[in-house]
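> sequence first, then the predicted structure:
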Amino acid sequence: MEFILVGVGGFLGAISRFSLNVLEKKFISHPFPIATLLINVLGCFIAGIIISKIQTFQINRTGILFLLVGFTGSFTTFSTLMVDSVQLMKTGNNIGAMANLLLSLTLGSSAVLLGMKTF
C-alpha cells in the first residue's frame, strides 16, 4: 500500500511539474527557466509545510508518503536536497549542510556535463 501511495503522489507531482513547464512555454517566451525556478521554490515551500505538520503531529505516515515522498519528491528533488540541508543545520551540523549543498551542485552539474560528453 505504501508503494501505491508514493506512486500516486509521484504521478501527480510529475504531471504538475510537466503542466507548469507547458504553461511557461505557452505564455512566457524567455530564455531563463522560470518554471523550473518556480517549481523548485514551490516544492521547497510545500516540503516546509509538510515538515512543520509532521513536527506538530498533524500529518501521519500516509500523508508523508503521499505528499512529501511521492508528490513533492516527484515535483522536484530540489526540495529534498533543501530539506536534508535544513535538517542538518537544525541539528547544528552547518558544515555538513554546506557540504551537502556544495557537493550536490558541483557533482550534479559535473555529472550532467560528463553524461552529455560520454553518451
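Yes, it's here.
> show me where this protein has its helices.
Assigned by DSSP state H, the helices in the chain fall at 2-27, 34-55, 61-63, 73-75, 78-90, 94-118.
> Serialize these to JSON lines and add fields for mean pLDDT.
Shown next, in JSON lines, are the helices of the chain (pLDDT from 0 to 100):
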{"stretch": "helix 2-27", "mean pLDDT": "94"}
{"stretch": "helix 34-55", "mean pLDDT": "85"}
{"stretch": "helix 61-63", "mean pLDDT": "90"}
{"stretch": "helix 73-75", "mean pLDDT": "92"}
{"stretch": "helix 78-90", "mean pLDDT": "89"}
{"stretch": "helix 94-118", "mean pLDDT": "89"}
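> which of these is buried the deepest?
helix 73-75 (a mean of 22; mean count of other CB atoms under 10 Å). Heads up, the C-betas are built off the backbone N, CA and C, glycines and all.
> now do that helix: distance to the chain's middle.
Computed by CA atoms, centre = their mean, to the nearest Å, the chain-centroid distance of helix 73-75 equals 6 Å.
> mind giving me the packing neighbours of that helix?
helix 2-27, helix 34-55 (3 or more CB pairs under 8 Å, 6 or more residues apart in numbering; DSSP states H and E).
> ok, residues contacting it?
6, 9-14, 16-17, 39, 42-43, 46, 79-80 (CB atoms under 8 Å, 6 or more residues apart in numbering).
> thank you kindly, that will do.
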